[in-house]
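*Asks:* coordinates only, sequence not included:
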Ligand SMILES: NC(=O)c1ccc[n+]([C@@H]2O[C@H](COP(=O)([O-])OP(=O)(O)OC[C@H]3O[C@@H](n4cnc5c(N)ncnc54)[C@H](O)[C@@H]3O)[C@@H](O)[C@H]2O)c1
């Protein structure tokens, strides 16, 4: 059963939602469950050394996720709810075209979830190249800015308010070794969130960030391997140490971030904007 009936019929765009078991997939499932029409989008193809095949949500994965979400919606008697569209968040023409298509085909854009992110490029500062820095800052910050700019424009024209949720990270609040570009981009995403909230509040558009701690998605699993190797620990030792740091005693799951995102889109959160909300089992407390 839906928790937020007011979300029925809202139109949502989730970026970077093409990878199986990623946060984007889970957020899309949750918003569809709440009755939204959801556009899941992703770059859909590998893109040079900085964006290898194993890090990318492919078009076929996206199509399969959309089909599953639609099948679940049909079972609930809701009708088709999900559509997959290719969208590289670094390509301005694609961002504009996808938003224009949503307005024409689905009657608008009410919710933007800036979820696309690059978290694979972990290196000590001394070894991090400028092109690696640019790749991370590009997707995580420039891409979120571009989607925000054009989505907010569409929301203002519609005149019915809107919700922007930026999937930041614990790395938006604290520093982590070998993650200079990632931490800088996620700290910057909170700055973008705050300015968006201030500039668009008068249009009843809220902007908030969600800051998950570790979640074992495809990206999270890769990070576990990287950090356990870097620290000379076995995977079991690393995961046990991680759980020991988290007051609620477990790593995050995608549904935690999806639930926080859905709440931020609901009427219950209509007076919440400019926030950066930890979803970390108490690991991050500021
Ligand atoms: N997994 C975690 O532990 C964790 C924790 C905190 C925050 N996050 C953030 O959550 C978001 C989702 O992460 P995830 O763990 O599901 O990882 P993921 O790698 O499964 O998802 C990231 C997605 O972004 C897409 N992407 C990359 N470049 C793109 C581009 N130019 N245009 C469009 N899409 C692009 C990828 O194809 C991929 O599908 C990211 O922003 C990540 O930084 C993840």
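*Replies:* Great, that's in hand. Since the structure is predicted, the reported quantities are computational estimates derived from the model, not experimental observations.
*Asks:* can you check which helix is longest in this protein?
*Replies:* In terms of residue count, the longest helix belonging to the chain (DSSP state H) is helix 180-200.
*Asks:* near the ligand at all, it?
*Replies:* No: using Cβ under 6 Å from any ligand atom, helix 180-200 stays clear of the ligand, coming no nearer than 6.8 Å. Yep, even glycine has a C-beta here, placed from its N, CA and C like the rest.
*Asks:* repeat for stretch 219-234
*Replies:* Yes: with Cβ under 6 Å from any ligand atom as the criterion, the ligand is reached by stretch 219-234 at 219, 220.
*Asks:* in that stretch, what's buried?
*Replies:* Using 16 or more other Cβ atoms under 10 Å as the burial criterion, the residues of stretch 219-234 that qualify are 219, 220, 222, 223, 224, 226, 227, 228.
*Asks:* my read is that the third one contacts residue 121, right?
*Replies:* Okay, so that is residue 222. No: counting by Cβ atoms under 8 Å, residue 121 is not a contact partner of residue 222; they are 10.8 Å apart.
*Asks:* what helix or strand is the residue in the stretch 51-200 of the chain that the ligand sits nearest to on?
*Replies:* Per Cβ to the nearest ligand atom, residue 117 is where the stretch 51-200 of the chain lies closest to the ligand, at 2.2 Å. Using DSSP states H and E, residue 117 falls within no helix or strand.
*Asks:* for it, give me its contacts.
*Replies:* 16, 139, 140, 167, 219 (Cβ atoms under 8 Å, 6 or more residues apart in numbering).
*Asks:* ok, now with 10 Å
*Replies:* Applying Cβ atoms under 10 Å, 6 or more residues apart in numbering to residue 117 gives the contacts 15-16, 22-24, 89, 136, 139-141, 143-144, 167-169, 182, 185-186, 189, 219.
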